[in-house]
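Chemist: any chance you can model this:
(one chain, ligands or ions: 2)
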Amino acid sequence: MKISDYLLKILSLNGVRFIFGNPGTTEIPLVRRCGQAEMPEYVIVLNELAAVAMADGYARATRSLGVVNLHAAPGLGNAIGALYTAHMNHTPLLALVGAQDRRHAHTGPTLHGPLVEMATPVAKATYTLASSYDASFHIKQALRTALTYPFGPVVLICPLDLWEAETEESEEAPAPVTLPALPGISEHEAQLLARFLGDARHPALIATDEVYWNKAEEEIATLSKKLGAPVYVAPYTGVTPLSLSDSQFAGFLPPNRQTWTARLQSHDALLLLGGRGLRATLYTPGRLRQQKAWIGQDTSLLGLDGEYVVAYVADLRSSLRLIHEKLSPARAGRSVLRPSFEPPARLSGKLHPSWVIHTMLQAFPQAVWVDESGLSTTDVRTWSKAAPGDYFSNGSGGIGWALPATVGVQMARPERHIVGIIGDGSMMYASEAMWTAAHRHLHITVIVLANAHYATLNTALSALTGQTSLDAFSLDTPSLDFTHLAQAYGWNYVCIETEEIFNRALADLLAPNKDNTLLEVHLDPEAVPITASEHF
Ligand SMILES: Cc1ncc(C[n+]2csc(CCOP(=O)(O)OP(=O)(O)O)c2C)c(N)n1
Ligand SMILES: [Mg+2]
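Modeler: Ligands and ions are numbered 1, 2, ... in the order given. The predicted structure is shown next:
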């Protein structure tokens, strides 16, 4: 069996339907076999950053493996920022990277490069096929590694001359890989954690993406209710780990050490569910002095302001169930309300960003949201009532992810209404993703928050220096014309300057399976989202 066929067959047996990628000469033998006889379909994406983020969105929305194909050294190079995001978010990704034909690699041909060295900092592991003897072994090993906790991008490098080579004769037929399961905590460990939480006056749970990946959303809701404890979501969590309308949900923690320390001050015990601690962007002082415990997947966990009382590498779903069993009867806790902000009332003239976010969230209560709304992100998180797994954000700080991720999420959930809310700056990194959406006749809604600047960077500038704005962060000369961008890619578009047109456009989008539509919403450039002070 050819190595390319072996790879595609084993991917297919493991449930892979799509390979997102931007191919080149070094991958032609692979691409030409895709789509044949139940092999995964090759989804053409016009650049690598978009291809990785599309596979990442698809993986997150299906809670399964995303597969991407990258074209040798320049393709891998273009993809690194997006692989970094998948790495930070623990997305299960397999990146199939083509490599030069080894018969002339020593002559330094184009496309040749140090692929392992390039991929290593953002990959969980890299494997290189070297011969027909090791090919099937490395393919299986790469797949197994990608599907094993903690997730992250795994890179599999295949030289051009090997795709068409035969696997070793003694190799058995491809079969799904078997995975080591992550066990839950033991009875004794559950007892310790039940005591840790039960003895506290005012315990709290802090949820991360891992709750979603471990399918533990119901368990966290049940445990928090029995315990009378609020659930905070860690800053930069890239997917909703519980329903944001749950009575125990106490909000996303702000990504600021000083503010989260203050917000958690009343709690005497914190149980972190997954993640490697809390993450901030700008430095501020602060220290969580209360007792902390942790359950999660990533053994490279960081001590968070001192050591954990206990920390277990374990499956969250069964662990939370067992802790629930060991807890004495339900107790009434002190409730912690999610921080609330009133949206601006009706508008008189220009569109206020907070009004736009609030109106949009109310217009589509059933939608799945992909959020890269820049300085408006905290607004979205303040008013969203998204169900578990119905809200996604890049989670890494690396923008350019959301537009292609929206395409991946729509391909994963064709029956749902997917809405991307994206800042005008963030929209410019991977707009090529719109071609794939049009090519596949998807029905995405993208709302571009056109404030004609990098509002986030002005806010950071102000926090760092006191200066309120820099000309360098302005995007108004020339002004970005998103409706022409939409036209270029064959999308519907509406240019919106007033409340009336905005409301009409939202109402039109309620029709089922509307074609891909971009709403270019012109915001008052002077208005700042009302939660902006919480952003850093
Ligand atoms: C890949 C990458 N490059 C640069 C940045 C720095 N950066 C952070 S926010 C931002 C601007 C975002 O602008 P926009 O999407 O318009 O949202 P706004 O800040 O206006 O709300 C930039 C360039 C980044 N986070 N990631
Ligand atoms: Mg902007």
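Chemist: tell me how many other residues crowd the residue nearest to L182 when sequence neighbours are not counted.
Modeler: Once flanking residues are discounted, L182 sits nearest to D315: 4.5 Å by Cβ to Cβ, 6 or more residues apart in numbering. Where you see a C-beta, it was placed from the backbone N, CA and C, and this is true even at glycine. Using other Cβ atoms under 10 Å, D315 has 22 neighbouring residues.
Chemist: residues contacting D315?
Modeler: 181-184, 214 (Cβ atoms under 8 Å, 6 or more residues apart in numbering).
Chemist: what mean pLDDT would you report for the longest helix seen in the chain?
Modeler: Taking DSSP state H as the assignment, the helix of the chain that covers the most residues is helix 72-89. In this model, helix 72-89 has a mean pLDDT of 98.
Chemist: so which elements touch it?
Modeler: helix 48-62, strand 66-70, strand 93-99, helix 115-119, strand 153-159 (3 or more Cβ pairs under 8 Å, 6 or more residues apart in numbering; DSSP states H and E).
Chemist: contact partners of the very next helix or strand once past the last one?
Modeler: Meaning strand 153-159. Counting by DSSP states H and E, the next helix or strand C-terminal to strand 153-159 is helix 160-163. Contact with helix 160-163 is made by 2-4, 25-30, 98-103, 129, 131-132, 135, as judged by Cβ under 8 Å, 6+ apart.
Chemist: restricted to strands, list those.
Modeler: Using DSSP state E, the members of the contacts of helix 160-163 that fall in strands are 98-99.
Chemist: helices - which of the contacts of helix 160-163 land there?
Modeler: With helices taken from DSSP H, the overlap with these comprises 3-4, 28-30, 135.
Chemist: near ligand 1 too, which of the residues you listed?
Modeler: Among the ones in helices among the contacts of helix 160-163, proximity to ligand 1 is found for none (Cβ under 6 Å from any ligand atom).
Chemist: hmm, back to that, any part of the longest helix of the chain near ligand 1?
Modeler: Yes - Helix 72-89 lies within reach of ligand 1 by Cβ under 6 Å from any ligand atom, at G81.
Chemist: buried sites along that helix?
Modeler: Neighbour-count burial for helix 72-89 flags 72-73, 75-89 (criterion: 16 or more other Cβ atoms under 10 Å).
Chemist: just the buried residues of the contacts of helix 160-163.
Modeler: Once neighbours are counted (16+ other Cβ under 10 Å), the buried part of the contacts of helix 160-163 comes down to 2-4, 26-27, 29-30, 98-101, 129, 132, 135.
Chemist: up against ligand 2, what does this structure have?
Modeler: For the chain, the residues in contact with ligand 2 (Cβ under 5 Å from the ion) are 423-425, 451.
Chemist: for this structure, what lies in contact range of ligand 1?
Modeler: Checking the chain against ligand 1 by Cβ under 6 Å from any ligand atom, the hits are 81, 374-376, 397-400, 423-426, 451, 453-457.
Chemist: got a quick ChimeraX command for the buried subset of those?
Modeler: With 16+ other Cβ under 10 Å as the burial test, the buried ones among these are selected in ChimeraX as follows:
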select :81,374,375,376,398,399,400,423,424,425,426,451,453,454,455,456,457
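Chemist: mind listing which of the residues of the chain next to ligand 1 are in helices?
Modeler: Per DSSP H, the subset of the residues of the chain next to ligand 1 in helices is 81, 455-457.
Chemist: can I get those residues in TSV including distance to W260?
Modeler: Below are those laid out as TSV (distance: Cβ to Cβ, whole Å):
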residue	distance to W260
G81	27
A455	23
T456	19
L457	22
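Chemist: which of those residues lies closest to ligand 2?
Modeler: Minimum distance to ligand 2 across these is 5.2 Å, recorded for A455 (Cβ to the ion).
Chemist: quick one, helices of the stretch 201-350 of the chain?
Modeler: Per DSSP state H, counting those that start in this stretch, the stretch 201-350 of the chain carries helices over the ranges 209-213, 217-227, 257-263, 316-326.
Chemist: of these, which is nearest V68?
Modeler: Smallest distance to V68 across the helices of the stretch 201-350 of the chain (Cβ to Cβ): 18.8 Å, for helix 209-213.
Chemist: could you list the low-pLDDT ranges of the stretch 251-400 of the chain?
Modeler: 334, 346-347 (pLDDT under 70).
Chemist: give me the number of residues near I501?
Modeler: Number of residues near I501 (other Cβ under 10 Å) recorded here: 16.
Chemist: please apply the same query to F536.
Modeler: By the criterion of other Cβ under 10 Å, F536 has 20 neighbours.
Chemist: surely L93 is in contact with G152?
Modeler: Yes - here L93 lies in contact with G152, judged by Cβ atoms under 8 Å, at a distance of 7.4 Å.
Chemist: shared neighbours, these two?
Modeler: With Cβ under 8 Å, 6+ apart as the test, L93 and G152 both reach A86.
Chemist: of those two, who's got more company?
Modeler: More crowded of L93 and G152, by other Cβ under 10 Å: L93, with 28 against 22.
Chemist: any idea how far that one lies from A433?
Modeler: Distance from L93 to A433, counting by Cβ to Cβ, to the nearest Å: 17 Å.
Chemist: so G21 is in contact with N69, correct?
Modeler: Yes - if you go by Cβ under 8 Å, G21 and N69 touch, sitting 3.0 Å apart.
Chemist: re the thing from before, what's the closest of the ones in helices among the contacts of helix 160-163 to ligand 2?
Modeler: Looking across these and measuring by Cβ to the ion, the closest to ligand 2 is L30, at 38.7 Å.
Chemist: for that closest one, what are its contacts?
Modeler: 4, 7-8, 23, 69, 96, 98, 158, 163.
Chemist: go again using 7 Å as the cut-off
Modeler: Counting by Cβ atoms under 7 Å, 6 or more residues apart in numbering, L30 touches 4, 69, 163.
Chemist: same deal with P29?
Modeler: By Cβ under 7 Å, 6+ apart, P29 lies in contact with 4, 163-164.
Chemist: excluding its backbone neighbours, what's nearest it?
Modeler: With Cβ to Cβ, 6+ apart, the residue lying closest to P29 is W163, at 3.7 Å.
Chemist: can you tell me how far that neighbour is from A123?
Modeler: With distances taken as Cβ to Cβ, W163 is found 21 Å from A123.
Chemist: swap in A405?
Modeler: A405 is 19 Å from A123, by Cβ to Cβ.
Chemist: ditto for L115
Modeler: Look at L115 and A123: by Cβ to Cβ, they are 10 Å apart.
Chemist: same question for L288.
Modeler: 31 Å.
Chemist: one step back: pLDDT added to the buried ones among the contacts of helix 160-163, as CSV?
Modeler: Below are the buried ones among the contacts of helix 160-163 laid out as CSV (pLDDT from 0 to 100):
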residue, pLDDT
K2, 95
I3, 96
S4, 96
T26, 97
E27, 95
P29, 95
L30, 96
G98, 98
A99, 98
Q100, 98
D101, 97
L129, 97
S132, 93
A135, 95
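Chemist: which one of these is nearest ligand 1?
Modeler: Using Cβ to the nearest ligand atom, G98 comes nearest to ligand 1 of these, at 24.5 Å.
Chemist: tell me who's in contact with the closest residue to that closest one other than its chain neighbours.
Modeler: For G98, ignoring the flanking residues on the chain, the nearest one in space by Cβ to Cβ, 6+ apart is T26 at 3.2 Å. Applying Cβ under 7 Å, 6+ apart, we find T26 in contact with 71-72, 98-100, 111, 160.
Chemist: okay, those in CSV with distance to M411 next?
Modeler: What follows is the contacts of T26, written out as CSV (distance: Cβ to Cβ, whole Å):
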residue, distance to M411
H71, 21
A72, 25
G98, 23
A99, 28
Q100, 31
L111, 29
L160, 28
